[in-house]
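Visitor: using only what follows, build the 3D model:
(chains A, B, C and D)
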4 protein chains.
Amino acid sequence: NRPLALIAGPCALESREMALEVASELALLSDRLGIGVVFKGSFDKANRTSGGAPRGPGLDAALPILAEVKEKFGLPVTTDVHESWQCARVAAVVDLLQIPAFLCRQTDLIAAAARTGRPVNIKKGQFIAPWDMEYPAQKARAAGAAGVLLTERGTSFGYNALVADMRGLPIMQETGAPVIFDATHSVQQPGGRGGASGGERRFVAALARAAVAVGVAGLFLETHPDPDAALSDSATQLPLRELAALVETLMAFDRLAKSFTGSS
Amino acid sequence: NRPLALIAGPCALESREMALEVASELALLSDRLGIGVVFKGSFDKANRTSGGAPRGPGLDAALPILAEVKEKFGLPVTTDVHESWQCARVAAVVDLLQIPAFLCRQTDLIAAAARTGRPVNIKKGQFIAPWDMEYPAQKARAAGAAGVLLTERGTSFGYNALVADMRGLPIMQETGAPVIFDATHSVQQPGGRGGASGGERRFVAALARAAVAVGVAGLFLETHPDPDAALSDSATQLPLRELAALVETLMAFDRLAKSFTGSS
Amino acid sequence: NRPLALIAGPCALESREMALEVASELALLSDRLGIGVVFKGSFDKANRTSGGAPRGPGLDAALPILAEVKEKFGLPVTTDVHESWQCARVAAVVDLLQIPAFLCRQTDLIAAAARTGRPVNIKKGQFIAPWDMEYPAQKARAAGAAGVLLTERGTSFGYNALVADMRGLPIMQETGAPVIFDATHSVQQPGGRGGASGGERRFVAALARAAVAVGVAGLFLETHPDPDAALSDSATQLPLRELAALVETLMAFDRLAKSFTGSS
Amino acid sequence: NRPLALIAGPCALESREMALEVASELALLSDRLGIGVVFKGSFDKANRTSGGAPRGPGLDAALPILAEVKEKFGLPVTTDVHESWQCARVAAVVDLLQIPAFLCRQTDLIAAAARTGRPVNIKKGQFIAPWDMEYPAQKARAAGAAGVLLTERGTSFGYNALVADMRGLPIMQETGAPVIFDATHSVQQPGGRGGASGGERRFVAALARAAVAVGVAGLFLETHPDPDAALSDSATQLPLRELAALVETLMAFDRLAKSFTGSS
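Guide: Numbering: from 1, shown residues only, chains lettered A, B, ... in the order given. Coordinates of the predicted model:
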C-alpha cells in the first residue's frame, strides 16, 4: 500500500538532448509532487509494425544516455530488452529491465533478465489472460530475479483494437507482484492498414484514473515534448507539459484509494 | 456534474416482503449518506438462459409492489420492459423505464417507452459499440422521451464473458445523456454450459470504483438480502448488508472525480 | 445428411414487384439446380441502427406478398417476428418463423412462435456462445415447436465487427437441430459511426464455402436485384444475378462434404 | 493454384526415434497420396506457459535429427527459431525457417531468418489483424528472403481462447504469399489456470476442411504417435494413425476448391 510510483519517459530515446529534456522535467515533477519516478526510454523499437520505421539509437548509443540521466538527475532508469544477449549489458546501467508484451512468454529472455540481479518488469501480452501472468512471474523468480513487477497494457479486442480490463489489476496482484498500469499503450490501436499503430490519447487520463481507483503500485506513461513529431507512438504519448497536472490528479485518487482497506 | 446517484434493488421482485426489506434498507442508506436512490426490481426475467428458470411475479403482481415501495419509502422506482404493450401500464407506476441490453436496438420498444412521458434508461447491448448508443438515444428522443439515460453493463469478450470498457463511459456521455455504470451485470459471465449465467461478485467494487473515478452520473447495483438464495443472478448480486460501505466509498471517489474540471 | 437447402430473398420486402422478381429467380434456380429453396423477406426491420432508416412494408402489406410468392411460385416462405403478438398472424401465411439474433433469448417470443405449430428458425445472438443455443432450442421445443432450426450469423469480435466461428456449426448440431449458416449477415460490420451497418460482401462466398465444407443443413443468403439500391444491408446482400453460380459451387462442396461419414 | 501441401510433424522433437517414426509415416503418406510434405519438429519450446515444462532437445541435439529425417526419407524439413543467432545454424540444415506467432513482429528475427537464403514461414500473431501481416512479409522480403509463407493459427478471442477467422486466408493471400492454415494450433486454448495450454482436437478436421474449401496453399498439422503422452500440445496434436484419412479428405476438398476459378 505504498504511494503511487511513476515510470515515465519517451517511447524511443530519440536523442540525448530530448532524453535530458524529458528527464529534467520528470526530476522536477518528482521533487515538486513527491512521487518516485523511474525514467523509461527504449534503445530499440524492435517490433515496429513496418520494417522501414525508425527504431531508435541502438544499445551502444543509448546506454550512455541512460547513464547520464541517472547520474545527472538521480532518477532510476529502465529500458526494454528483446533478445537474451542484451540483458547483461543493459543491466550494467539500468535499475529495472522491462520485458515487452509480445515477449512475455519467452522463457530465455525472462531468465536472462532475471539473472542480471536487477528487478524485472514484465508487460502482460495482449494475448494472455491476467491470471496466466503468474507463469512469467514464476519464470523470473525461478531464475533469481531481484523483484518482479507486472504491467497491464491492454488485451486484444477484435482486430486493431485493445481493451483495458480493470479486473486484470487485482488478478495480477494475486501473484504478489506490484502491478503497474500502462495508460498510454492501453489506448493504442495496434497495426492498421497504414503500416503503423494508432491510438486515442484522449482516453489516457480516464483509464489512468480508473486504474488508480482500483488500486495499483504505479503508472507507466509515455511522454514526449512534442508527440506529433515523435518517431513512434505519436498518437498515444502525452505532451510533456501536460504530465504534471495529470499525475497530481492521479496522486489524489491514489491517496483516496489507499485510504480504504479491504475490498470495497 | 451533479453528485452520484444510485439505481439499486433486487434482480427480480421475488416477493412483496423481500422488495419492502430491500427498499427499506435503501431508503435508510439514502437518508444517511445523502444520495439519491431509485429502487429497481424486475417483474419478469424475460430472457433467462433456460426456459425453465423462474421469471418473477409478472406485471400484474409487480406493479402494486412497486407502487407500495414508492409510497411507503418515497423512493422513485424503475423496472425493465420487454414488449411494447407493457410500456404504458408500467409507466403508470414507475418513474423511469429501463430498456434491456439485448433489446437496445428494438425501435418500437424504445419508442413505446419514450411515448409514456417517462424518462428512459437504455442499457448498452453487449454487442454494440459505445459510440453507436447515440442511435438508441436518438430513437427515444425522436419519440418524445422526457429524458434519456444510457447504462454500460459490459461488452461481449469471447464466449461466456464480458469486459467493461471504461472508455465507453466518456464516449456515451458525448450523446448528452447521463451515463450510468451497472457494476453487477458487468461482472456477469453470460450463459455457460450449466444453463445459467454466472459471474464474479468479487470484482463489483473494483469496477465501480474505476467507473466513478472516470466520472459517471450514477451507479446501478443489484442487491439481495441473501444472494445465494436469489432466484436469478445469484453470482453477481451484492449482499444487502454490504451495500452501504461500498456506496460510501464510491461517493468519496465521486466527490474527488467531480472536483476536477476538464479532461485530466 | 440431406442435401443442402437454401433460405434466400431480400433483406426487406421493399415492394411486391421486387419480391416477385426475386422469388421468380429463386424458383428457377430451385428447379434448375434441384435445391430446396425457402423464400425469405422481412416485413419490418425492427432493429435498424438509426431510428430514421426505412423499416419495410409492415405486417399488413407484407403478408399478402408472401402469400402470393408461395402461391405463384410454390416456394415455402419465411419471415422474422419481433414481438409475441405477431406470431399467430405471421404463421397463418409463412411456413417457417424466424427469431432475430438479438431476440434469441426472449422466452415469450420463442414460445409464441413455437405455439403456432410452425417450425422456428432461431438465429444465434452475436452475444451468445454456440453451446448455449441449446437453451433457446429447448424453449421452442417446450412450447411445442413443430421443428427447430438454428442459424449461425457471426459473433461479436471487438466493436463494429463480427467473426464467424466455424466450430459453432458442429457445436449447435449437437442440439439435434438442423444448422443453417447465414453467410450474408456473417460478413456484416454492425453499427458504425455513420448510423448504419456496413459489411464486406467479398467474403460471402469464402465463408459459405467454409461452412458447407464443415457440414450444414442449409445456407441463408440475402439477395437483391440491385444491392447498392437496397433499403437495408446494401453492403452485404448478394446481387441476384450472381446467386446461381455461387449456389452451384456450394452444392458441389455439399455433395463432397456429405460423401464422407464420421468426423474427418 | 498448385495442389495442397502439408507441413506436419510432432510439436517437439522429443527423441530421434519418435522423429523417425513420424517422418517414416509422413513419407509413406506423401508417396501414397501424392502430396508434398514438409517435416516439422521444434528443437525448443521457447515460450511454454510454465517455466518448468519440458522444452525439447535443444539446437545441438535437434539439428542432426532433422538432417537424418531429410536424408533418410527425402522430406524437406522445417523448424522454428526464437532468437536471431539461431537462424544461420538452423538454416544450414532446414529448408524452411518458421517464425513463431508471438514473434511475428520482431524485426531482427525475421531479417536474420530471411538473410539465410531460406524461405521463411511467418505465423500470424494471435494479436495481429490478417491485413497487417503484410508488414512482417515486407520485413522478410526487404532482408532478401528466398520466399515468404504466411500461416494462420487463430486470433485472440477473449481470454484463454482463439478463433479462426476464415476471412484471414484470402486477406493474407493479397500479400502474394502462399497461405498455410495451421489447424492444430487454431484449436488451442492458450494458457489457462492449470499452467498449460489446452485445446479441442475434435475441431481440427472441421477447421481444416473449412480452410481448404476457402482455398489455401497448404495445411500445417501437428501429429504424434501418442498425443496423450506428448510433452507439449497433447490436447491438440493429431494421432499419427488418423492423419492419412484426414489428409485424403482434405485433398478432395482442395481439388474441388481449385477447380473453381474466381471468387465463388
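Visitor: what's the closest non-adjacent residue to A:E83?
Guide: D:E83 (4.9 Å; C-beta to C-beta, 6 or more residues apart in numbering or on different chains). In this view, the C-beta of every residue, glycine as well, is placed from N, C-alpha and C.
Visitor: and A:A23, by the same measure?
Guide: In space, A:A23 is closest to A:V69, 4.3 Å off (C-beta to C-beta, 6+ apart).
Visitor: same check, this time on A:G195
Guide: Counting by C-beta to C-beta, 6+ apart, A:G195 lies nearest to A:S50, which is 4.3 Å off, once chain neighbours are set aside.
Visitor: quick one, grab the pLDDT at the residue of the stretch 151-264 of chain A found nearest chain C.
Guide: Relative to chain C, the nearest point of the stretch 151-264 of chain A is A:G158 (1.7 Å; C-beta to the nearest C-beta). The confidence metric pLDDT takes the value 97 at A:G158.
Visitor: quick revisit: touching, the residue nearest to A:E83 and D:L109? I think so.
Guide: Yes: between D:E83 and D:L109 there is a contact under C-beta atoms under 8 Å: 6.9 Å.
Visitor: higher neighbour count, the two?
Guide: Taking other C-beta atoms under 10 Å in any protein chain shown, D:E83 and D:L109 do not tie; D:L109 has more neighbours (28 against 20).
Visitor: tell me which helix or strand of chain A sits lowest on mean pLDDT?
Guide: In chain A, the helix or strand scored least confidently by mean pLDDT, DSSP states H and E is strand A:198-199, which has a mean of 90.
Visitor: so is that one next to chain C?
Guide: No: under the criterion of C-beta under 8 Å from any C-beta of the partner chain, chain C is not reached by strand A:198-199; the shortest gap measures 14.6 Å.
Visitor: what's that strand packed up against?
Guide: Packing partners of strand A:198-199 (3 or more C-beta pairs under 8 Å, 6 or more residues apart in numbering or on different chains; DSSP states H and E): strand A:188-189.
Visitor: say whether chain B is contacted by the lengthiest strand in chain A.
Guide: Assignment by DSSP state E gives strand A:218-224 as the longest strand of chain A. No: Strand A:218-224 lies apart from chain B when judged by C-beta under 8 Å from any C-beta; the minimum separation is 11.9 Å.
Visitor: show me what from chain A comes close to chain B.
Guide: Proximity of chain A to chain B, by C-beta under 8 Å from any C-beta, involves residues A:155, A:157, A:163-167, A:169-170, A:187, A:200, A:202-203, A:205-207, A:209-215, A:242, A:245-246, A:249, A:252-253, A:256-257, A:260, A:263-264.
Visitor: now with 6 Å?
Guide: Contact residues (C-beta under 6 Å from any C-beta of the partner chain) of chain A with chain B: A:163, A:165-167, A:170, A:203, A:205-207, A:209-210, A:213-214, A:245-246, A:249, A:253, A:256, A:260, A:263-264.
Visitor: mind listing which of the residues you listed are in strands?
Guide: Filtering the residues of chain A next to chain B for strands - DSSP E - leaves A:V163.
Visitor: out of the residues of chain A next to chain B, who's near chain D?
Guide: Counting by C-beta under 6 Å from any C-beta, nothing from the residues of chain A next to chain B sits close to chain D.
Visitor: picking that back up, against chain B, how distant is the residue nearest to A:E83?
Guide: Distance of D:E83 to chain B, given as C-beta to the nearest C-beta, to the nearest Å: 32 Å.
Visitor: can you give me phi and psi for that residue?
Guide: phi -140, psi 150 (degrees, to the nearest 10).
Visitor: same check on A:T78?
Guide: Backbone torsions of A:T78, given as degrees, to the nearest 10, read phi -140, psi 160.
Visitor: what pairs with it across the strands?
Guide: Applying DSSP bridges to A:T78 gives these bridge partners: A:K40, A:L96.
Visitor: count of residues packed around it?
Guide: By other C-beta under 10 Å, 25 other residues sit near A:T78.
Visitor: how about the contacts made by it?
Guide: Residues in contact with A:T78 (C-beta atoms under 6 Å, 6 or more residues apart in numbering or on different chains) are A:V38, A:K40, A:V94, A:L96, A:Q98.
Visitor: any idea which element the last one lies in?
Guide: Yep, that's A:Q98 we're talking about. Element membership of A:Q98 [criterion: DSSP states H and E] is strand A:96-99.
Visitor: show me what that strand is packed against.
Guide: Contacts defined by 3 or more C-beta pairs under 6 Å, 6 or more residues apart in numbering or on different chains; DSSP states H and E place strand A:96-99 against strand A:77-80, strand A:120-123.
Visitor: alpha carbons of the last one, as CSV, please.
Guide: Listed next in CSV are the C-alpha coordinates belonging to strand A:120-123 (Å, rounded to 0.1, in the frame of the first residue of the first chain):
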residue,chain,number,x,y,z
VAL,A,120,12.2,-7.3,-14.0
ASN,A,121,9.0,-5.6,-15.2
ILE,A,122,7.0,-8.0,-17.4
LYS,A,123,4.3,-6.5,-19.6
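Visitor: and A:G194, helix, strand or coil?
Guide: Three-state assignment for A:G194 (DSSP: H, G, I helix; E, B strand; the rest coil): coil.
Visitor: and A:L243, by the same measure?
Guide: Classified using three-state DSSP, A:L243 is helix.
Visitor: go on, A:I7?
Guide: Recorded secondary structure, A:I7: strand (three-state DSSP).
Visitor: next, work out how far apart it and chain D are.
Guide: A:I7 sits 22 Å away from chain D, going by C-beta to the nearest C-beta.
Visitor: list the beta-bridge partners for that residue.
Guide: A:I7 has these beta-bridge partners by DSSP bridges: A:V38, A:F220.
Visitor: one step back: please identify the most buried of the helices and strands packed on strand A:96-99.
Guide: Most buried of the helices and strands packed on strand A:96-99 by mean neighbour count (mean count of other C-beta atoms under 10 Å in any protein chain shown) is strand A:120-123; its value is a mean of 28.
Visitor: in helices only, show me the residues of chain A next to chain B.
Guide: Assigned to helices by DSSP state H, the following of these qualify: A:170, A:205-207, A:209-210, A:213-214, A:245-246, A:249, A:253, A:256.
Visitor: now the buried members of those.
Guide: Taking 16 or more other C-beta atoms under 10 Å in any protein chain shown as the criterion, what is buried in these is A:P170, A:A205, A:A206, A:L207, A:R209, A:A210, A:A213, A:V214, A:L246, A:T249, A:F253, A:L256.
Visitor: show the contacting residues for the last one.
Guide: Spelled out, it's A:L256. Each residue near A:L256 by C-beta under 6 Å, 6+ apart is listed here: B:L256.
Visitor: mind putting the helices and strands packed on strand A:96-99 into CSV with distance to C:R118 and mean pLDDT?
Guide: Converted to CSV, the helices and strands packed on strand A:96-99 look like this (distance: least, C-beta to C-beta, whole Å; pLDDT from 0 to 100):
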stretch, distance to C:R118, mean pLDDT
strand A:77-80, 62, 98
strand A:120-123, 55, 98
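Visitor: can you redo those strands as TSV with distance to B:C87?
Guide: Output for these, formatted as TSV (distance: least, C-beta to C-beta, whole Å):
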stretch	distance to B:C87
strand A:77-80	56
strand A:120-123	49
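Visitor: just to revisit the earlier point, which non-adjacent residue is nearest the residue of the stretch 151-264 of chain A closest to chain C?
Guide: C:G158 (1.7 Å).
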